[in-house]
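S.K.: one predicted model, sequence on top.
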Amino acid sequence: MALKTDDLRVYYQTLKGDVKALDGASFTLEDGEIMGLAGESGCGKSTLAKSLILLKPPMKYVEGRVRLDGEELPIWDDEKMNSFRYKNVSIIPQYAMNAMNPTRKIGKMVKELLKSRGISPGEKRDELEHRLDLVDLTRDVLSMYPIELSGGMKQRMVMVISSLLDPSLLMADEITSALDVSTQKAVSEMLVEFRDKDFIKSLIFITHDISILYQIADSITVMYAGKLVERAPTEEITGRPLHPYTKLLISSLPKIGAKYTEEKLEGIPGKPPELLEPPEGCRFKNRCPKKEEECDEEPPFREVSPGHKVACWKVKKDVS
Ligand SMILES: Nc1ncnc2c1ncn2[C@@H]1O[C@H](COP(=O)(O)OP(=O)(O)OP(=O)(O)O)[C@@H](O)[C@H]1O
Ligand code: SF4
Ligand SMILES: [Mg+2]
């Protein structure tokens with residue numbers, strides 16, 4: 001198995017107290033698996049991804065363990081993590097396209113990244129050119145400034161850079177949200193190709209566009225208010241969602257294959273709880289149509305059928 005997290009908790013330290021953005025995430029990702037990560041804005045998706053690569057203040061490691069390819073990832077130790085970053089675990093961060101340094105030519109940026117990992121740029125030259133070909137970028141981009149590239153070109157360039165060292169795990173955070181529909185599809189399919197060509201072993205694909213997950217993800221994990229609430233193979237979770245939140249999420253889609261937006265998610269009555277002081281018990285209880293007394297206690301994230309995990313007291317009743 002590629003990745004295993006155990007009860008991972010990462011908070012943000014603020015003047016008002018700790019924002020419990022990731023509050024006990026346990027899951028495993030198999031070699032070769034593409035996992036889609038979905039859920040409303042602010043539920044902790046980026047926090048989960050960022051914590052696996054660069055945990056910097058105000059983010060605070062609270063507890064939990066992470067193993068990647070059988071080795072412990074020391075996510076609480078910035079310096080020790082240095083030897084894993086980009087080589088074993090890499091990220092295409094949310095808003096990466098706009099975060100590129102505007103005063104550096106692309107080629108220079110790539111060289112600097114390689115040098116910072118102790119790799120001579122010449123060593124990777126052929127591979128870099130091969131990958132540019134694969135994502136339909138000409139070599140000229142290396143002598144261009146980010147501003148000279150279109151949104152789609154920038155995104156493809158960021159994909160090449162973040163996977164150049166063949167990381168075991170790549171995390172792609174909302175990489176398609178700023179792109180038009182056909183570019184979104186092309187960019188997502190390129191990542192699948194990266195997996196098929198063994199550039200990366202497994203992928204966590206974070207998106208608000210569940211229709212892209214239908215197309216590329218082997219499994220989907222749904223988060224709500226800092227917790228994992230459901231995880232199952234894609235066909236299973238889209239065809240037989242069990243958690244009341246996932247059900248609402250999927251039923252709020254106009255039809256399979258259609259894009260869902262923040263606005264549609266807000267169609268679910270009520271708002272997610274404050275993560276500074278989340279409610280005791282199930283964090284979905286204030287919005288849940290199935291809430292009962294027992295929901296004042298936290299439901300465990302448990303397997304209800306092979307490969308299908310859900311955190312809901314009611315599901316246990318439905319299945320048994
Ligand atoms: N620097 C910060 N300081 C305090 N709280 C933060 C900080 N960054 C994020 N948070 C809070 O942590 C929670 C999770 O944020 P996160 O960015 O992980 O959500 P997300 O699921 O990625 O949302 P989106 O879909 O909008 O990208 C949110 O409640 C957010 O307000
Ligand atoms: S545990 Fe209760 S409140 Fe939470 S999702 Fe299930 S039924 Fe709803
Ligand atoms: Mg995010």
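M.R.: Structure received. Ligands and ions are numbered 1, 2, ... in the order given.

S.K.: so where do the helices sit in this protein?
M.R.: 45-51, 78-81, 96-99, 106-116, 121-134, 151-163, 181-196, 210-216, 234-239, 244-251, 262-265, 313-319 (DSSP state H).

S.K.: mind listing what's buried along the third one?
M.R.: Put plainly, it is helix 96-99. Of the residues in helix 96-99, 96-97 count as buried by neighbour count, 16 or more other C-beta atoms under 10 Å. Bear in mind the C-beta positions are built from the backbone N, C-alpha and C, glycine included.

S.K.: nearest to ligand 3: which residue in the stretch 51-200 of the chain?
M.R.: Nearest residue of the stretch 51-200 of the chain to ligand 3, counting by C-beta to the ion: Q94, 4.8 Å away.

S.K.: burial count for that residue?
M.R.: The tally of other residues near Q94 (other C-beta atoms under 10 Å) stands at 19.

S.K.: quick check: the closest residue to A225 other than its chain neighbours vs D296, distance?
M.R.: Spatial nearest neighbour of A225, excluding adjacent residues (C-beta to C-beta, 6 or more residues apart in numbering): R283 at 4.0 Å. Note on R283: its distance to D296, by C-beta to C-beta, to the nearest Å, is 12 Å.

S.K.: same question for R85.
M.R.: Counting by C-beta to C-beta - R85 and D296 are separated by 41 Å.

S.K.: higher neighbour count, the two?
M.R.: Counted by other C-beta under 10 Å, R85 and D296 do not tie: R85 has more neighbours, with 18 against 13.

S.K.: what residues are up against that one?
M.R.: 53-54 (C-beta atoms under 8 Å, 6 or more residues apart in numbering).

S.K.: show me what it is bridged to.
M.R.: For R85, the beta-bridge partners under DSSP bridges are V89.

S.K.: what does stretch 111-121 contact?
M.R.: In contact with stretch 111-121 (C-beta under 8 Å, 6+ apart) are residues 86-87, 104, 110, 123-124, 161, 164-165.

S.K.: what's across from R231 in the sheet?
M.R.: T221, K309.

S.K.: go on, T28?
M.R.: Beta-bridge partners of T28, as defined by DSSP bridges: K4.

S.K.: wait, it touches L3, no?
M.R.: Yes - counting by C-beta atoms under 8 Å, T28 touches L3, with 6.7 Å between them.

S.K.: check whether stretch 210-221 contacts ligand 1.
M.R.: No - interface with ligand 1: stretch 210-221 contributes nothing (C-beta under 6 Å from any ligand atom), its closest point being 12.0 Å away.
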